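Novice: sequence first, then the predicted structure:
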Amino acid sequence: MKPFRTLTAVAAPLLRDNVDTDAIIPSREMRSVSKTGLADGLFANWRYRGETGAPDPDFVLNDPRYAGAEILLSGENFGCGSSREHAAWALAEYGFRAVLAPSFNPIFRGNCVSNGIVPVVLDRAAIARLALSQEDVPADHPITVDLQACTVATSAGDSWPFAVDSEAREMLLTGSDAIEQTMKRSALIQSTRDADRKNRPWIYL
Amino acid sequence: MAGDIFPSNGSNSPQRATGRTLFDKIWTAHLVATLDAATDMVLIDRVLLHERTGAVALKSLAAAGRTVLAPRQAFVTMDHVVDTRPGRTDATIMPTGTVFITETRAAAHAAGLTLFDLGDPDQGIGHVISPELGIVLPGATLVCPDSHTCSQGALGALAWGIGSTAAEHALATSTLRVQRPRTMRITIDGILAQGVTAKDLALHLLARLGSNGGAGHVVEYAGAAVAALDIEARLTLCNMATEFGAFTAIIAPDEKIFEYLRSRRYAPAGPDWDAALAAWRDLQSDDDAVFDQEHRIDAAEVGPMVTWGTNPQQAVAIDGAVPEYDAVARRDRREAYDRALAYMDLAPGTPMIGLPIGAAFIGSCTNARITDLRKAAAILKGRKIAPGIRAICVPGSSRVRTQAEQEGLDRIFLDAGFEWRESGCSMCFYSGGESFGRNQRVISSTNRNFESRQGPGTRSHLASPETVAASALAGSIADPRGVAQ
C-alpha cells in the first residue's frame, strides 16, 4: 500500500449526509471477484443518467472544475450501509486518497485505512469553508491534507487540526500491511489461543 | 415526555464504575494485546463468509501465499447473488454472478473451509444459518464481511461486520486489530403491544436515534420487552443496529438461548456443554456496570412502523403521515428531506396507510425466519393479494423453507398469489439481476430503503412481514393489526 504523508489536491464537494456504500458503488457494478475494475461504477446512480447512461452534468464528479480530484468532501455518516470494501476500492481506483466528513460509518472507516485512504473527521462548518475556499478554479486553490501534522489547510493558509488514532495513522503513514504486522506476533497469538482453549474448548472445533 | 429517550453520559455519573458490561467481559476474554490507547488485538472465534465479499478475501489471501490459521472455525455460505427461483443452478440472473459462486466454491475447498453450497439442506443466508447450526455461540467473537453480522449478537455473541481485508486478517491470524467501541445500553421497559413486532421496535429506535445515533457503540438491548422476545425476534432487533452506525448489538443470553442452542450441530456437547453453560450464565452486565450512553424507552409507545424516505431513520408510525420538515429537522437536513421526498414521489402530510404499492417482498436476514413466515401466513391464509401486485416470499434458509413446507405455509403463500422461492438474499438488494423496476413502490421486510437499493429507481418502504402481507392483500400500505386470523 502506498504510504500517505501529505497530499495537496483538488477536493470534490459532495455535501450530503448519509452517503451509503450502495451509492458509492452499486452492487451491480461489482462484476468480478476482484478489488479492481470499479472506478467507472463509482457513484454510478448519481454520476450517470438512469435512462441514457450519459454523464449527468449536475453531478460533482462530472464538473470539469473537479477533474482529477483526490480529496472528497462530504456529510455526516459517510459510508453507511453495506460493509462492501468495494466502496473503498472504487474510491481509491478513481483516485481519491482522502475523504473529509463530520462522521464515518465504522466499517467503512476501517476499509479506508486498509486501502490507503485517509478518513478525516472535521466538523460541517470546516468542510463547508474548505469547499468554498477553492472558489471557481479549484486547481488554483487546492486543499492540503497533512497526516504527519494531522492538519487540513486551504491554499490561503486557513487550517484545522484533526484527530486520528495512532494505529490507523501509523498504518497509513508507513503503508504497512496489517496482516504482516500481526503475524510478527504469531507466538503471542498462539499462546493466547492455547490458554483460551483450556477455558473454552468448545470454541476450537 | 413519556416514552422519550433520555440520553445520559455514563462517564459523568456519580456512580463509580466498578461493574463490567457484558461487552467488557467478552472483550477482556479475547484480548491478545493492546496496540494503542484506542486499539486492541482480539481473538476471533468464528469467521463467516459469503460469495459476494468472501471470495475476494480468500482469493487475495491465497495470492499473498497465506493460509487460514483455523479452517475449522471458518464457514462459507452462498446467499448474496444466488438465484432464488425454484430449480436453480449455478446460473444467476445477475450477468456475472456465476463466477462469484464458482470461485467461492473453489476457494473454500482449497482452504479447507466448511461450505454450505447450493443444494445443501443447510444453505441459507449467513445470519440465519449461523444460529440454526450453532456456529455463533454466547460469549464468542464472530466476524463476517457483511454489515448485518450484528444480528447474531442476539445470541449473546460479539458479532460484527468487517471489510474483506479485515476478513483476510481474521482468516490468516484468528485475530483482528479493532478500535475499541464505546458502550450503549438501550433498555426497553414494559411489553410490546399485540401485533407490534421487533421490526417495528427497530424502526422506532432508528427514527428516535437517527442513522448515526449508535455510531461506534456496542449497543446492549435490555429490559423486560427484550427479555420477552423470542430468539428470532431478537435477531431482527439486533439486525438493524448497523443502520444507526453501531459497531454491533448484543443481548445477554438467557435460558431461551441455551435451550435453543442445545444439540445444534456446532454447539458444544457432552461435558463441554456443561462447562459452556456455566460460563455462559455469567454473560450479563453487572448491576453496577456503567455504559458510555444509556437510553430508556417504554415499549407501549411503539406501534407498527413503516419508512417513508430513503434512509431507515426516515420511519413513521404506520397510522401516521409523511412528516412535515419541521418534525424531522433535528435529524434530516432540508436537502436530504427534499431529495428523499422527490425520490419517493411523496408529499408531506400524505397518510402512509392507503399509499398504493406495486410489489411486496418478504425475505432477508432481517425478517425471513420461520416465525416471520408463520405470522405473514396467518394474515394471508385463505385470501388473495390485490390484482396487479407482484409478491415474493424468500425463506431465510433452506431449513426455514423445508420447515415452512412441512407446515403447509408454502401453499398459503402460493394460494394467496405470492411467489415461493429458494433461500438467499434475493431482492433485498439489486445486484444487476432481478429488480422491482423504476418508480415501482415496494413494501419490503428488508433492512435498507436506500435509493436504488432494490433496483434502479425502485421506491422501498421497510416494514414487518405482517405489514408486508397485509399491504399485499390491500394493494396499498395497510396496518396489519386485526388482520391476522
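Specialist: That came through, no problem. Numbers count the residues shown, from 1 in each chain, chains lettered A, B, ... in the order given.
Novice: only C-alpha atoms from now on, for both contacts and neighbour counts.
Specialist: Fine.
Novice: please report how far the closest residue to chain B within chain A lies from residue B:94.
Specialist: With C-alpha to the nearest C-alpha, the shortest gap between chain A and chain B falls at residue A:28, namely 4.1 Å. For residue A:28, the distance to residue B:94 (C-alpha to C-alpha, to the nearest Å) stands at 8 Å.
Novice: those two - which one has more neighbours?
Specialist: residue A:28 (20 against 17; other C-alpha atoms under 10 Å in any protein chain shown).
Novice: surely the more buried one touches residue B:434?
Specialist: No: if you go by C-alpha atoms under 8 Å, residue A:28 and residue B:434 don't touch, sitting 10.6 Å apart.
Novice: now the common contact residues for these two.
Specialist: residue B:94 (C-alpha atoms under 8 Å, 6 or more residues apart in numbering or on different chains).
Novice: mind listing the strands for chain A?
Specialist: Remark: strands assigned in chain A by DSSP state E are A:6-9, A:11-14, A:71-74, A:98-101, A:118-121, A:143-146, A:151-153, A:159-161.
Novice: nearest to residue B:130, out of the ones you listed?
Specialist: Relative to residue B:130, the nearest member of those by C-alpha to C-alpha is strand A:118-121, separated by 32.6 Å.
Novice: roughly how far is that closest one from the heart of the chain?
Specialist: 7 Å (C-alpha atoms, centre = their mean, to the nearest Å).
Novice: now that strand: buried residues?
Specialist: Buried residues in strand A:118-121, defined by neighbour count with 16 or more other C-alpha atoms under 10 Å in any protein chain shown: A:118-121.
Novice: which one of these is nearest residue B:193?
Specialist: For the buried residues of strand A:118-121, the nearest to residue B:193 is residue A:121 (41.4 Å; C-alpha to C-alpha).
Novice: which residues touch the closest one?
Specialist: Counted by C-alpha under 8 Å, 6+ apart, residue A:121 has contacts A:100-104, A:162-163.
Novice: so what's it bridging to?
Specialist: Residue A:121 forms beta bridges with residue A:101, as assigned by DSSP bridges.
Novice: per-residue pLDDT, it?
Specialist: You'll see residue A:121 listed with a pLDDT of 98.
Novice: residue 139: how many residues sit nearby?
Specialist: No chain specified, so I'll use chain A. Neighbour count of residue A:139, defined by other C-alpha under 10 Å: 17.
Novice: wrong one, chain B
Specialist: With other C-alpha under 10 Å as criterion, residue B:139 counts 31.
Novice: what's the closest non-adjacent residue to it?
Specialist: Nearest residue to residue B:139, sequence neighbours excluded (C-alpha to C-alpha, 6 or more residues apart in numbering or on different chains): residue B:157, at 4.7 Å.
Novice: right, and that neighbour touches residue B:136 too?
Specialist: Yes: using C-alpha under 8 Å, residue B:157 makes contact with residue B:136 at a distance of 6.8 Å.
Novice: is whichever helix in chain B runs longest positioned near chain A?
Specialist: The helix that spans the most residues within chain B, counting by DSSP state H, is helix B:97-111. Yes: looking at helix B:97-111 against chain A by C-alpha under 8 Å from any C-alpha of the partner chain, the contacts come from B:97, B:99-100, B:103.
Novice: which of those sits closest to chain A?
Specialist: Checking the residues of helix B:97-111 next to chain A against chain A by C-alpha to the nearest C-alpha gives residue B:100 as the nearest, at 6.1 Å.
Novice: what sits up against the lengthiest helix in chain A?
Specialist: For chain A, the helix with the greatest residue count under DSSP H is helix A:186-199. By C-alpha under 8 Å, 6+ apart, the surrounding residues in contact with helix A:186-199 are A:203-204, B:32, B:43, B:173, B:175.
Novice: need those residues in a markdown table (columns: neighbour count).
Specialist: Conversion of these to a markdown table gives the following (neighbours: other C-alpha atoms under 10 Å in any protein chain shown):
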| residue | neighbour count |
| --- | --- |
| A:203 | 23 |
| A:204 | 15 |
| B:32 | 22 |
| B:43 | 25 |
| B:173 | 24 |
| B:175 | 28 |
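Novice: report the contact partners of the residue nearest to residue B:19 when sequence neighbours are not counted.
Specialist: In this structure, residue B:19 finds its nearest non-sequential neighbour in residue B:289, 4.0 Å apart by C-alpha to C-alpha, 6+ apart. Listed by C-alpha under 8 Å, 6+ apart, the contact set of residue B:289 reads B:17-21.
Novice: least confident of the residues you listed?
Specialist: Among these, residue B:17 has the lowest pLDDT, at 55.
Novice: can you list residues touching both of residue A:28 and residue B:94?
Specialist: Any residue near both residue A:28 and residue B:94 by C-alpha under 8 Å, 6+ apart counts here, and that gives B:431-433.
Novice: most neighbours among these, please name it.
Specialist: residue B:431 (26 neighbours).
Novice: hang on, the earlier thing: any chance of the strands of chain A in a markdown table, plus distance to residue B:324?
Specialist: Below are those laid out as a markdown table (distance: least, C-alpha to C-alpha, whole Å):
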| stretch | distance to residue B:324 |
| --- | --- |
| strand A:6-9 | 40 |
| strand A:11-14 | 25 |
| strand A:71-74 | 25 |
| strand A:98-101 | 27 |
| strand A:118-121 | 31 |
| strand A:143-146 | 38 |
| strand A:151-153 | 38 |
| strand A:159-161 | 36 |
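Novice: what ranges do the helices span in the stretch 301-450 of chain B?
Specialist: Along the stretch 301-450 of chain B, the segments classed as helices by DSSP state H, counting those that start in this stretch run B:325-328, B:334-344, B:370-380, B:398-406, B:409-416.
Novice: mind listing residues that contact the third one?
Specialist: Applying C-alpha under 8 Å, 6+ apart, the set of residues contacting helix B:370-380 from outside is B:232, B:395, B:400, B:403-404, B:409, B:412-413, B:416, B:465-466, B:468-470, B:473, B:480, B:483-485.
Novice: that one to helix B:409-416, inter-axis angle?
Specialist: 40 degrees (axes from the mean of the first three to the mean of the last three C-alpha atoms, to 10 degrees).
Novice: and if you look at the second one?
Specialist: Interaxial angle, helix B:334-344 versus helix B:409-416 (the same axes, to 10 degrees): 70 degrees.
Novice: buried ones in the longest helix of chain B?
Specialist: Going by 16+ other C-alpha under 10 Å, helix B:97-111 has these buried residues: B:97-101, B:103-105, B:107-108, B:111.
Novice: and these, which is closest to residue A:180?
Specialist: So of these, ranked by how close each gets to residue A:180 (C-alpha to C-alpha), first place is residue B:111, at 19.3 Å.
Novice: separation between that closest one and residue B:171?
Specialist: Separation of residue B:111 from residue B:171 (C-alpha to C-alpha): 10 Å.
Novice: between those two, which contacts overlap?
Specialist: Common neighbours of residue B:111 and residue B:171 (criterion: C-alpha under 8 Å, 6+ apart): B:67-68, B:71.
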